[in-house]
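Asks: Pasting the sequence and the predicted coordinates here, then a few questions.
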Amino acid sequence: MRILNILFLFLSLNLAAQEELSKDEISQFQKEMLTKTKDLLTLEADFIQTKKIAMITDESVSRGKIYYQNPEKLKWEYAEPKDYVILFIEEELHIDDAGDKSVRNTSSNKLFDKIAKLITGSVNGKLLQDNENFDISYTRNNNLISALIIPKDKNLKAMFAEIHLSFNKENIVEQVDLKEEAGDMTTIEFSKIKINHEIPPTVFEP
C-alpha cells in the first residue's frame, strides 16, 4: 500500500560519528524548531523515495514532488515509476492512483489520524513536539542534528519501529527515515527545497 511506503523508513548512519545533545542543546534546538514551525507557511521540494525489503537485495525507487501548506495541507505527487497522488487536507485523505480516486476521513479512525499527523509532522517538524506519543532523542553528526523518534502507541509501533529525521544547516528536514517492525526500510530524501514559496491553490485540489 503506497501510503504505508511513506512511513516505513530506516536509520542508516555511522553511530560512532554521532554525539548526543545535552539537555541545554536539546532545549535550544526545540526552541529554534518551534519558531521555524510557526514561521513555516509553505514548503515545496523534490523527493526520491527508496524502498528496501528485508531479505531482498533489490530496491524500488520512486520520484516526485511534495507540497505543504500550513496548517493541514500536504501533497505527495509521485511521477515515477507511475503517477500517484496522496493528498491530506485537514481531516481527509485523498488518493489518486492514475485516475482511480478515493477519499477517507482520518478523524473517524484514531490510528489513521495518528498516521496522518505523523506524516505531516515529519515534514513540518511538529512531530518533535509530540512527547505524548513518542520518545525522542537527539544526536549531532558533522554539526548536523538528527532526531530518533520511537512510537509509544502499540498500534503505531506494530507498523514501524523507528522514525528518523535529519535536518540541514537551516534546521529544515531534508531526510526522513523509518524502520518497519518487520525490517523493511524506506528512505525519502528531499532536494530543491523552497520555503514560504507561493503555491497555487490548484495544487491542493482533490
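Replies: Ah, there it is. Numbers count the residues shown, from 1 in each chain.
Asks: ok, and for the helix or strand where residue 47 lies, which residues are buried?
Replies: Per DSSP states H and E: residue 47 is located in strand 42-52. The neighbour-count check on strand 42-52 (16 or more other Cβ atoms under 10 Å) flags 42-45, 47, 49-52 as buried. For glycine as for every other residue, the C-beta is placed from the backbone atoms N, C-alpha and C.
Asks: and of the residues you listed, the nearest to residue 123?
Replies: residue 43 (6.6 Å; Cβ to Cβ).
Asks: For the closest one, which non-adjacent residue is closest in space?
Replies: Excluding the flanking residues, the one nearest residue 43 by Cβ to Cβ, 6 or more residues apart in numbering is residue 68, at 4.2 Å.
Asks: Sort out which residues of stretch 18-37 are buried, please.
Replies: For stretch 18-37, the neighbour count (16+ other Cβ under 10 Å) marks 21, 26, 29-30, 33, 36-37 as buried.
Asks: Which members of those residues occur in helices, if any?
Replies: Secondary structure defined by DSSP state H assigns 26, 29-30, 33, 36-37 of those to helices.
Asks: How is the residue nearest to residue 93 when sequence neighbours are not counted assigned, secondary-structure-wise?
Replies: Ranked by Cβ to Cβ, 6+ apart and with sequence neighbours excluded, the top spatial neighbour of residue 93 is residue 104, at 4.6 Å. Here residue 104 is strand, with the state taken from DSSP: H, G, I helix; E, B strand; the rest coil.
Asks: right, and residue 104 touches residue 91 too?
Replies: No: using Cβ atoms under 8 Å, residue 104 is not in contact with residue 91, being 9.5 Å away.
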